Each structure stands twice: as C-alpha cells, then as structure tokens.
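Novice: here is my input, please return the structure:
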Amino acid sequence: MSDNAIKIFTGNSHPELAKLVAKRMGIDLAQAAVTKYSNQETSVTIGESVRDEDVFIIQSGCGEINDNLMELLIMINACKTASARRITAVIPCFPYARQDKKDKSRAPITAKLTANMITVAGADHVITMDLHASQIQGFFNIPVDNLYCEPPMIKYIRTQIDNWTNAIIVSPDAGGAKRATAIADRLNLDFALIHKERKKANEVSRMVLVGDVRDKIAILVDDMADTCGTLGLAAKTLVENGAEKVYAIVAHGILSGKAIQVINDSVIEKLVVSNTIPHHDKMAICPKLDVIDISPTIAEAIRRTHNGESVSYLFSNIIE
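Specialist: Next up is the predicted model:
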C-alpha cells in the first residue's frame with residue numbers, strides 16, 4: 001500500500017541539479033531510463049512504481065531544448081498512465097519563455113503552446129523559477145509556483161562582494177527594473193537603469209544610463225543572459241560613467257553563441273549565474289563565471305508542496 005511518498009525523477013537536461021535537490025531532501029532519485037532509439041525518438045522507462053505517489057519531475061529548459069521538453073512530456077504522461085496521485089513538473093528554466101507575446105504579425109505565442117503541452121501531458125502542478133514574464137503563469141489552467149532567485153542573489157552580494165554597501169543596483173533594461181528595485185530595496189542601496197535601443201533581436205545599438213554610478217560598485221541584475229551582448233555593453237557604459245567595478249548577477253545563464261568570449265573580453269569582474277542550467281564546461285573556460293546553488297530553494301518548494309504548506313515563505317526568505 002502506498003504512503004504517498006515523494007518520488008523525484010529527472011531527465012537528461014540537468015541531472016546534477018536533481019541529485020542536489022534529492023540529497024537536500026534526504027532521498028534517492030527515483031529510477032528512470034531516458035534514452036533515444038536509433039531514429040532519434042525519445043524512449044522513457046519508469047523503473048519503479050509510482051501508483052498513488054507524489055511525483056516531481058525535474059527537467060530544465062536548456063541544452064537540447066526540444067529533446068529535453070519532449071523527455072519531460074513523455075515522463076509526465078508515463079507517470080500519469082501509471083496512476084501517480086499528483087505530478088509536478090519542476091522546470092527551473094522554462095523553455096520558450098521569451099516567446100510570450102504576439103509582438104509582430106503572425107508571430108506565435110510559443111510559451112502558451114508549451115504550457116498547453118505540459119498540461120495535456122498530465123501535469124497537475126508546475127514549479128518554475130524566475131519566469132521571463134510573469135504572465136506565463138496565466139497560460140496554465142493548473143497551479144504554477146514561480147520561485148525567485150532574489151534571496152540567493154542577495155546572500156551572494158552580502159557575502160561575496162567586498163564593500164557591497166558602496167554598491168548600486170543596475171537594471172540593463174526597462175523590463176528588469178522591478179527585479180532590480182526589489183533587490184536594491186532589500187539591500188537599502190541606490191538604483192540605476194540603462195535604456196537600450198535595439199536594431200533587431202539580440203543586437204543592441206545604443207545605451208543610455210539613467211542614474212549616478214560614479215565611484216560605486218555597479219551590480220547588473222537580470223533574469224537571463226544569452227549571448228551576453230547586452231551585459232558586455234552595459235558594463236562598458238557603466239565604467240565609462242565612472243563605476244569603480246562591475247558585477248553581473250543573472251538568474252539563468254544560457255550563455256550561447258560567443259557569450260563566454262564576450263564575458264572574458266568585457267570589464268565585468270564576475271558574472272554570477274544560478275545552476276538552473278548546468279555550467280561545468282563553461283566554468284573551465286571562463287574564470288569570471290561564478291555559480292549560485294538554487295537547489296535548497298527548489299527542495300524546500302517540493303517539501304512544502306508535498307506537505308500542503310505555503311511556498312510564499314520562499315519569496316521573502318533566504319534558505320540557508
């Protein structure tokens with residue numbers, strides 16, 4: 001007879017994070033084999049009973065995004081048809097999150113399509129982290145808990161950045177102003193904003209600083225770093241305006257294309273990212289890269305979800 005225990009599964013997107021979460025909770029990862037047939041179809045075998053259990057599937061939207069999304073959908077469906085009591089998709093970095101609105105004619109809202117697929121596959125609940133746009137929660141007809149990297153970011157600033165009381169929090173664009181001001185308020189620091197004009201997607205033509213950073217440590221805060229062109233230009237703009245040092249802290253370090261080269265060549269002292277995406281290979285070639293572990297936050301969210309407790313505690317407290 002089931003005791004409605006927690007079962008944590010993972011695909012191939014970020015098994016290291018799943019292991020850290022399971023270790024934090026004092027349990028082993030549940031057995032599942034996720035492979036590919038020779039024709040590249042994804043094959044999933046759930047290796048133990050999940051009947052009437054509380055299942056959590058940790059799968060991040062990174063690397064081979066389409067393959068990893070398909071793994072997640074198949075694992076959800078496999079557990080659903082195996083009579084799991086509840087299935088929670090834990091997606092630290094939500095795939096297709098930047099395609100969240102119809103910003104031009106005939107553009108798809110792919111984040112909504114992704115939400116539909118996860119729901120139809122059989123998920124009962126979604127836990128994610130630092131969504132690119134909060135309205136994505138409204139794309140689901142099931143509960144969504146959007147956790148934040150803000151508490152670990154604040155802890156990093158306080159413990160790892162020397163003379164942080166002389167810092168100023170900077171948002172590299174208008175869209176991230178709310179996140180940056182929240183962190184500035186928590187640390188009782190000043191706030192500045194960089195207005196950027198784009199020629200096209202992922203290409204910034206001009207930056208204008210709003211605020212005074214002279215003789216201060218500038219800390220750039222954003223939700224995502226992809227090609228890092230914006231961060232590199234923002235850091236250069238800050239130094240040109242008198243900033244003493246520049247740090248960058250982002251929730252999701254996608255770091256695609258020439259991102260590592262851009263960071264290595266930039267004036268940024270440290271690029272701090274969370275481990276919602278694996279970074280072992282990139283750390284070896286980028287000495288400026290530092291990683292915050294967010295597994296304690298995810299583990300606590302899983303524990304509270306399983307026990308029927310509120311997860312709002314995680315939005316305002318730093319998990320040690």
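
Novice: please count neighbours and contacts with C-alpha atoms only from this point.
Specialist: Fine.

Novice: Leu20 is in contact with Ile298, correct?
Specialist: No. Contact between Ile298 and Leu20 fails when scored by CA atoms under 8 Å: they sit 9.8 Å apart.

Novice: which of those two has more residues huddled nearby?
Specialist: Ile298 (27 against 18; other CA atoms under 10 Å).

Novice: next, count neighbours for the nearest residue to the more buried one once chain neighbours are set aside.
Specialist: Leaving aside its chain neighbours, Ile298 sits nearest to Val21 (6.8 Å; criterion: CA to CA, 6 or more residues apart in numbering). Using other CA under 10 Å, the number of residues around Val21 comes to 24.

Novice: and Val21, that one's in a helix?
Specialist: Yes. Membership of Val21 in a helix is supported by DSSP: H, G, I helix; E, B strand; the rest coil.

Novice: OK, contacts around it?
Specialist: The contact partners of Val21, by CA atoms under 8 Å, 6 or more residues apart in numbering, come to Ser295, Pro296, Ile298, Ala299.

Novice: so how far is Met117 from the first one?
Specialist: Per CA to CA, to the nearest Å, Ser295 is found 26 Å from Met117.

Novice: neighbour count winner among these two?
Specialist: A count of neighbours by other CA under 10 Å puts Ser295 above the other of Ser295 and Met117, at 24 against 16.

Novice: per-residue confidence at the closest residue to that one other than its chain neighbours?
Specialist: Spatial nearest neighbour of Ser295, excluding adjacent residues (CA to CA, 6+ apart): Val21 at 5.1 Å. Looking at Val21, its pLDDT reads 97.

Novice: same deal with Ser316?
Specialist: With respect to pLDDT, Ser316 scores 55.

Novice: among the contacts of Val21, which one lies nearest to Gly232?
Specialist: Set against Gly232, the nearest of the contacts of Val21 by CA to CA is Ser295 (28.2 Å).

Novice: look up how far Thr305 lies from that closest one.
Specialist: 15 Å.

Novice: swap in Ile6?
Specialist: Ile6 is 10 Å from Thr305, by CA to CA.

Novice: ok, Ala248 next?
Specialist: 32 Å.

Novice: more neighbours: which of those two?
Specialist: Ala248 (25 against 17).

Novice: for that one, what are phi and psi?
Specialist: phi -130, psi 130 (degrees, to the nearest 10).

Novice: isn't it up against Ser274?
Specialist: No. When contacts are counted by CA under 8 Å, Ala248 is not listed as touching Ser274 (11.8 Å).

Novice: who's in contact with the helix or strand encompassing Thr114?
Specialist: Using DSSP states H and E, Thr114 sits in helix 110-121. For helix 110-121, contacts defined as CA under 8 Å, 6+ apart pick out 73-74, 76-77, 95-100, 136, 139-142.

Novice: and those, which of them are in helices?
Specialist: Leu73, Ile74, Ile76, Asn77 (DSSP state H).

Novice: was I right to think the third one contacts Ile57?
Specialist: Yes. With contacts defined as CA under 8 Å, Ile76 counts as touching Ile57 at a distance of 7.5 Å.

Novice: intersection of neighbour lists for those two?
Specialist: With CA under 8 Å, 6+ apart, Ile76 and Ile57 have common neighbours Ile87, Ala89.

Novice: contacts for stretch 276-288 next, please.
Specialist: Under CA under 8 Å, 6+ apart, the answer for stretch 276-288 is 14, 16-17, 60-62, 92-93, 251-254, 260, 263-264, 268-271, 289-291, 294.

Novice: which of those residues are buried?
Specialist: 14, 17, 60-62, 92-93, 251-254, 260, 263-264, 268-271, 289, 291, 294 (16 or more other CA atoms under 10 Å).

Novice: now the helices for the stretch 151-300 of the chain?
Specialist: 177-187, 229-240, 259-265, 280-285, 295-307 (DSSP state H, counting those that start in this stretch).

Novice: please name the nearest non-neighbouring residue to Thr42.
Specialist: Nearest to Thr42 is Lys36, by CA to CA, 6+ apart, at 4.5 Å.

Novice: wait, Glu64
Specialist: Ser13 (7.7 Å).
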